[in-house]
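Asks: Got a sequence here, can you build the structure:
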Amino acid sequence: MELILDKVSRQYGTKMACSNICLRLTPGVYGLLGANGAGKTTLIKLLLRLYDPNKGSIFHNHIDIKNLNIELYKKQFSCLFQDFNLYSCTLGENIAMDTTDTFDTDKLNFSISNSGFASKFISLDNGINTILTKEFDDKGLILSGGEKQKLAIARLIYKDADCYILDEPTAALDPIAEVEFNRSIMTYSENKLLIIISHRLTVTRFVDKIIVIDNGEIIESGTHDELMERGGKYSKLYSLQASQYNQIR
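Replies: So this is what the prediction gives:
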């Protein structure tokens, strides 16, 4: 998959959410950084074609996405946003979602193993048939915040899309689970396009390319080492977070 944004802008009323974005995304791992309101969410919604640009174009494999079948285009993405939901059905159905009519046990087990949920899964007597929540079953399983997030990651992996978009994927994970997730998702996403939105720079430390957005514009891009050498905004944010971690120790 290749996505090219050519001078893309999106405006809401008088507010310019994204301005003149030029970006080429090919298989690899990208970290998307920026303060709240910087334009990250708008950029993702443009890529998913939830919005269309006011100016500029987005190309998928050199074809303007406006000329593609929108449903087929969207199926190439698998997304994990902060406001994901779990449902009162089986664990397997929660992972497979709209593909439950072709329930693939091998894919489910693979997804669970690579999401960090495996240690919890092996403790469940009913395995993938475990009912979640007590809404319809008093014996339903209640998951912790971190367990819910791991299950949501399993759902993301199960879809096996060409492009993964993860919004703060480790927000509810402890430090050990975060390291395991980083290792797993980096390995699994080989030959895929992976975009990680995060304020925790431990996640973006090992991505192939970091993209920093401010006021709707890309102000920096490069590897961690390259951006640290430049001494710009990313370097300052990373140094600030690192100093906070050292104070906690």
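Asks: The residue positioned nearest the centre of the chain: what secondary structure?
Replies: With distances taken as C-alpha atoms, centre = their mean, residue 166 lies nearest the centre of the chain, 0.8 Å away. Here residue 166 is strand, with the state taken from DSSP: H, G, I helix; E, B strand; the rest coil.
Asks: How about the one 5 residues further on?
Replies: Classification of residue 171 into helix, strand or coil gives coil, according to three-state DSSP.
Asks: which residue sits closest to it, ignoring its sequence neighbours?
Replies: Nearest residue to residue 171, sequence neighbours excluded (C-beta to C-beta, 6 or more residues apart in numbering): residue 82, at 6.8 Å. Every C-beta, even on glycine, is put in place using the N, C-alpha and C of the backbone.
Asks: what residues are up against the one you found?
Replies: 167-168, 171 (C-beta atoms under 8 Å, 6 or more residues apart in numbering).
Asks: what's the distance between it and residue 92?
Replies: 24 Å (C-beta to C-beta, to the nearest Å).
Asks: do the same with residue 40
Replies: In terms of C-beta to C-beta, residue 40 sits 32 Å off from residue 92.
Asks: cool, residue 18 as well?
Replies: 38 Å.
Asks: More neighbours: which of those two?
Replies: Higher neighbour count among residue 18 and residue 92: residue 18, with 28 against 21, using other C-beta atoms under 10 Å.
Asks: you'd agree the more buried one is in a strand?
Replies: Yes: membership of residue 18 in a strand is supported by three-state DSSP.
Asks: thought it was touching residue 46?
Replies: Yes: counting by C-beta atoms under 8 Å, residue 46 is a contact partner of residue 18 at 6.8 Å.
Asks: between the two, what contacts are shared?
Replies: 8, 10, 53.
Asks: burial measure for the last one, as a count.
Replies: The number of residues packed around residue 53, counting by other C-beta under 10 Å, is 21.
Asks: Mind checking what secondary structure it has?
Replies: What three-state DSSP gives for residue 53 is coil.
Asks: Excluding chain neighbours, what is closest to it?
Replies: Going by C-beta to C-beta, 6+ apart, residue 53 has residue 8 as its nearest residue, at 4.6 Å.
Asks: Doesn't the one you found lie inside a strand?
Replies: Yes: assessed with three-state DSSP, residue 8 lies in a strand.
Asks: Contact partners for the spatially closest residue to residue 47 that is not a sequence neighbour?
Replies: Nearest non-adjacent residue to residue 47, counting by C-beta to C-beta, 6+ apart: residue 3, 6.4 Å away. Contacts of residue 3 were listed using C-beta under 8 Å, 6+ apart, and they are 23-25, 47, 58-60, 163, 193.
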